[in-house]
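A.B. asks: this one's structure only:
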């Protein structure tokens with residue numbers, strides 16, 4: 001939702017500059033004060049605005065529509081029990097694991113697993129990046145319930161169970 005709102009806000013900035021262009025020209029038609037610079041500047045600003053609007057539309061579409069975007073697809077709980085210990089800020093989702101790719105990093109880096117996960121009730125899949133190797137814990141084609149929490153730019157898998 002934040003990305004959609006940010007994209008729409010950024011689409012308004014070039015439109016405001018276009019309005020400034022139009023308000024600074026005389027009212028007479030045809031506009032004799034318009035230069036080639038104004039024309040190409042207007043085209044560039046409209047293109048920028050169109051790209052941001054397209055980004056917002058694609059984000060809404062990838063979420064499964066506006067209704068799905070507004071509904072909370074991830075159930076955020078106050079605490080998830082992992083090995084008897086409560087973990088706050090964890091997310092719990094149920095769905096199908098469609099693909100898992102493991103990537104080893106260079107020395108000193110963090111290994112990562114990219115999981116293509118399709119939540120229940122969603123037509124589209126999404127990529128989840130997990131720290132370390134979770135390939136053995138998330139078998140491809142199985143329906144699982146996973147609990148994970150954000151850990152920097154990726155997620156840490158806390159718990160999984162087959163459904």
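C.D. replies: Sure thing, it's come through. Treat the numbers as computed from the prediction; the structure is a model and nothing was measured.

A.B. asks: What distance do you get for the residue nearest to residue 1 when sequence neighbours are not counted to residue 45?
C.D. replies: Closest residue to residue 1 apart from its sequence neighbours, by CB to CB, 6 or more residues apart in numbering: residue 69 at 6.0 Å. For glycine as for every other residue, the C-beta is placed from the backbone atoms N, C-alpha and C. Distance, residue 69 to residue 45, using CB to CB, to the nearest Å: 27 Å.

A.B. asks: Over to residue 7?
C.D. replies: Distance from residue 7 to residue 45, by CB to CB: 16 Å.

A.B. asks: Number of residues surrounding the residue nearest to residue 1?
C.D. replies: Residues near residue 69, counting by other CB atoms under 10 Å, number 17.

A.B. asks: any idea which helix or strand carries it?
C.D. replies: helix 66-70 (DSSP states H and E).

A.B. asks: likewise residue 150?
C.D. replies: Taking DSSP H and E as the definition, residue 150 sits inside strand 143-151.

A.B. asks: That strand pairs with which strands, parallel or anti?
C.D. replies: Applying DSSP bridges, strand 143-151 is found paired with strand 91-103 (antiparallel), strand 154-162 (antiparallel).

A.B. asks: Do a quick rundown of the helices in the protein.
C.D. replies: Remark: helices assigned in the chain by DSSP state H are 2-23, 36-62, 66-70.

A.B. asks: Surely residue 17 and residue 48 touch.
C.D. replies: No: checked against CB atoms under 8 Å, the pair residue 17 and residue 48 is beyond contact range at 9.2 Å.

A.B. asks: Domains in the chain, by residue range?
C.D. replies: Domain assignment for the chain by automatic domain parsing gives 2-70, 75-162.

A.B. asks: what mean pLDDT would you report for the shortest one?
C.D. replies: Read that as domain 2-70. On average, the pLDDT along domain 2-70 is 85.

A.B. asks: what separates it from the chain centre, distance-wise?
C.D. replies: Distance of domain 2-70 from the chain centroid (CA atoms, centre = their mean, to the nearest Å) equals 21 Å.

A.B. asks: same question, stretch 132-150
C.D. replies: Centroid separation for stretch 132-150 versus its chain: 20 Å, with CA atoms, centre = their mean.
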